[in-house]
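Q: Turn this into a structure:
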Amino acid sequence: MGSAGANARASAHTYVSQLRAAFSRRPTFFGFYVGAGDTRFRGENEQLDRELRAARVPHVFRVYPGGHDNTVWTAHATGWLRLALAHLAPAD
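A: Got it, this is the predicted structure:
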């Protein structure tokens, strides 16, 4: 991003330590997934999962067969959308 500070502000890893408290104040569903063959982002996503688990931040993470492509995302999009919708507060 151009500087160490800007890089840190652009990284989800920077905020992990704050998320547990933030999610308890404002209940938040946090979930993400990656393809097992995704050489671009799998390692980063696995690292984030480890950091979230260590910080006891509630989240869902999955690794699915496939790579960094639409076949992985579209195969699981409906299930993840349903999961997210299930976490929404009921309408009053």
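
Q: This structure: helices as residue ranges?
A: Along the chain, counting by DSSP state H, helices occupy 4-9, 16-25, 42-54, 70-86.

Q: between those, which gets nearest to residue 35?
A: Shortest distance between residue 35 and these, using CB to CB, is found for helix 70-86: 4.2 Å. C-beta: built from backbone N, CA, C; applies to glycine.

Q: Mind exporting the C-alpha coordinates of the closest one to CSV?
A: Presented in CSV, the C-alpha positions along helix 70-86 are these (Å, rounded to 0.1, in the frame of the first residue of the first chain):
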residue,chain,number,x,y,z
ASN,A,70,-15.3,-19.8,-10.3
THR,A,71,-16.0,-23.5,-10.1
VAL,A,72,-15.0,-23.5,-6.4
TRP,A,73,-16.9,-20.3,-5.6
THR,A,74,-20.1,-21.2,-7.5
ALA,A,75,-20.2,-24.8,-6.1
HIS,A,76,-20.3,-23.4,-2.6
ALA,A,77,-21.9,-20.0,-2.9
THR,A,78,-25.5,-21.1,-2.2
GLY,A,79,-24.5,-23.1,0.9
TRP,A,80,-22.5,-20.1,2.2
LEU,A,81,-25.3,-17.7,1.5
ARG,A,82,-27.7,-19.9,3.4
LEU,A,83,-25.3,-20.1,6.3
ALA,A,84,-24.9,-16.3,6.4
LEU,A,85,-28.7,-15.8,6.2
ALA,A,86,-29.2,-18.2,9.0
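
Q: Could you list the buried residues of it?
A: Buried residues in helix 70-86, counted by 16 or more other CB atoms under 10 Å: 72, 76.
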